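Asks: sequence plus predicted model, see below.
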Amino acid sequence: RQSDFTALRYGGVNIVICSLYPLEKGFCRTKYGTGDLIDDGLNLVTGLGKNRINFIQDLSNGYFDDLKKEYDFLIACDGIETIIDGKKVVYKLVSSFSEILRLEDQISNDTYLIHVIPSFEGAHSLYTNFADIGKDTDQIRTDVFNNLTAVKAWQFVPPFVTFAHHFYNGFCGHAPSLTDGIVKIFTNQEYMLNSPMTNFGKALLHRLLDNKDGKRILIDVKHMSEQSRDEYYDILDKEYAGENIPIIASHAAVRGNDENAGLFLNEEINFRDTDIVRIGKSAGLFGIQLDKRRIASGAEIKGFERYLIRRKVLYHAAELVWRQIQYVAELLDKNGFFAWSVQCLGSDNDGIVNPIDGIWTSEDFPDLEDYLLMHAHNYVTSDMQKLKVDANKKIDEEEIIDRFMGNNVYSFLQKNMK
């Protein structure tokens, strides 16, 4: 329920990137095998249902069929009106920024419209057969590339996809992400962890970035290993030097540096300063995720959890998010870039295990916005002048937070979703 359409309506969300995700088999094929006891435990934790768990465990099927079914499921309710608290609400899938504008002009005043843009998390989604993962033959390449061609022929082509996810996909290495105790006990993501890109992965990357007929699909670098990310940047520098291809981290957090080591989570799943500068230089997006496990160090989260009064919880929850916004801004300013254009709301809602207390669902976004304004105001009135680039200091707190809550994504889509 973190981002169902009711929560989105109450939270004032008008545009959402909806990430499709064929669940990886590594979550249901545990270290301890399969069987009724294992399945009962998995069902208790996930709520998937035993039939679905058995389907995922079956090695004879792959992922692409699941991806298509999720896409078809989104389309099935496209344009169907429902009533929430006496007001009509409808979502519409969109394929271009001009379509967003057209729908905004057409919608009646008594209807709340949510624009839905599909994406998908993990290039494993393009495999027809699970057994093909990790292999590289002409037939397997043909099958994967044909599936990508089918995606690019969709009515609603994803503007970007997340290249890696929790388990090895045969294309690139993945960063450690399953760090929670109970998940780590049952799952194993060690195979090919932190490995480089493969030749197959580089070939797929080029197919995604191919912009014939305007169907380029950008790369979301979240979950990629550090080495794979660096190889991707090198490919952009050497093979796409004449183009400015935006780099996206869709649901991310900063790693911090020696000056603030106690504030942020210094783990590989979070992003280095070099990553953030690359994103800023490329006019990309840095989506700040609302996951308590990622957004701050363990000590900071422990200190935050002592607050019980709601206004204090919300104030300090927003502070965790503001620190991310401020860190990115000051880093970009230090490197001579505009400081406030890449940070955006990359909630990871419906992918979160531990949301930040007080910001449980998308319904809580208005509270987050209000409390972020307090922190932005304090920064503008006390610390803004330490920035070096003049343009970075000529901005007020409302514009900073408006950019974060939506305007930066809106501008990005205007430029990149033709």
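Replies: Happy to help now that I have it.

Asks: what's the longest helix along the chain packed up against?
Replies: In the chain, assigned by DSSP state H, the helix with the most residues is helix 310-334. For helix 310-334, the elements it packs on are helix 273-281, strand 285-288, helix 298-304, strand 343-345, helix 365-382, helix 390-393, judged by 3 or more Cβ pairs under 8 Å, 6 or more residues apart in numbering; DSSP states H and E. Yep, even glycine has a C-beta here, placed from its N, CA and C like the rest.

Asks: where do the strands sit along the stretch 1-150 of the chain?
Replies: Along the stretch 1-150 of the chain, the segments classed as strands by DSSP state E, counting those that start in this stretch run 15-20, 82-84, 87-93, 111-120.

Asks: give me phi/psi at the residue nearest to Arg255 when sequence neighbours are not counted?
Replies: Distances taken as Cβ to Cβ, 6 or more residues apart in numbering put Asn270 closest to Arg255, at 4.2 Å, once the chain neighbours are dropped. Main-chain torsions, Asn270, degrees, to the nearest 10: phi -90, psi 170.

Asks: list the residues that contact Ile395.
Replies: Trp340, Val380 (Cβ atoms under 8 Å, 6 or more residues apart in numbering).

Asks: quick one: pLDDT of it?
Replies: As predicted, Ile395 sits at a pLDDT of 96.

Asks: cool, Gln57 as well?
Replies: pLDDT recorded at Gln57 is 88.

Asks: so how many other residues sit close to it?
Replies: Using other Cβ atoms under 10 Å, Gln57 has 19 other residues around it.

Asks: surely it and Cys28 touch.
Replies: Yes: using Cβ atoms under 8 Å, Gln57 is in contact with Cys28, at 4.9 Å.

Asks: mutual contacts of the two, please.
Replies: Thr34.

Asks: can you list the weak-confidence ranges in the stretch 151-300 of the chain?
Replies: For the stretch 151-300 of the chain, the stretches with pLDDT under 70 are 180-186.

Asks: show me the helices in it, by range?
Replies: 181-186, 199-209, 226-239, 273-281, 298-304 (DSSP state H, counting those that start in this stretch).

Asks: contact partners of the third one?
Replies: This points to helix 226-239. In contact with helix 226-239 (Cβ under 8 Å, 6+ apart) are residues 163-164, 172-175, 194-197, 201-202, 205-206, 219, 221, 224, 245, 247, 268, 272, 275, 278, 282.

Asks: need the buried ones from those selected in ChimeraX.
Replies: A single ChimeraX command is used to select the members of those judged buried by 16 or more other Cβ atoms under 10 Å:
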select :163,164,172,173,174,175,197,201,202,205,219,221,224,245,247,272,275,278,282
